[in-house]
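**Student:** here's my sequence, what's the structure:
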Amino acid sequence: MNVERGITEDVKFYGDFFGKRDIAEVEGLLKGVKHEEDEIKKALSKINIDDYFAGITAEELVSLFF
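**Tutor:** Okay, the predicted model is just below:
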C-alpha cells in the first residue's frame, strides 16, 4: 500500500486468496480513498469481500492496513 498525504495511491495484494473474482477490482476500489479506517470500510462495503478473499471479513482485511 502506497499512501501519499493521507490518500491511498496504490494497493497491491499478493498471494493465494481462493476468491472467485479478480483481486485487481479491490485494488482499484481502494485507490483514491483516504487512509482512514472508516473510509476504507466504506469503500469495501460496496463489494462482497468473500468473492475476493475466501474466509476473511472486511474488518480483518482493514486491520491489515494499520
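**Student:** which parts of this structure are helices?
**Tutor:** 24-30, 37-44, 58-63 (DSSP state H).
**Student:** quick one: distance of the first one to the chain centre.
**Tutor:** Okay, so that is helix 24-30. 7 Å (Cα atoms, centre = their mean, to the nearest Å).
**Student:** need the contact partners of it.
**Tutor:** Thr8, Asp10, Val11, Lys12, Phe13, Ile40, Ala43, Leu44, Lys46, Ile47, Tyr52 (Cβ atoms under 8 Å, 6 or more residues apart in numbering). Just so you know, the C-beta spots here come from the backbone N, C-alpha and C atoms, and that holds for glycine as well.
**Student:** just the shortest one next, same as before
**Tutor:** Helix 58-63 is touched from outside by Glu37, Ile40, Lys41, Leu44, Ser45, Ile49, Phe53, with contacts defined as Cβ under 8 Å, 6+ apart.
**Student:** and that helix, what's buried?
**Tutor:** By neighbour count with 16 or more other Cβ atoms under 10 Å, helix 58-63 contains the buried residues Ala58, Leu61, Val62.
**Student:** redo those as JSON lines? Include distance to Glu4 and pLDDT.
**Tutor:** JSON lines is the format used below for those (distance: Cβ to Cβ, whole Å; pLDDT from 0 to 100):
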{"residue": "Ala58", "distance to Glu4": "24", "pLDDT": "91"}
{"residue": "Leu61", "distance to Glu4": "21", "pLDDT": "93"}
{"residue": "Val62", "distance to Glu4": "19", "pLDDT": "95"}
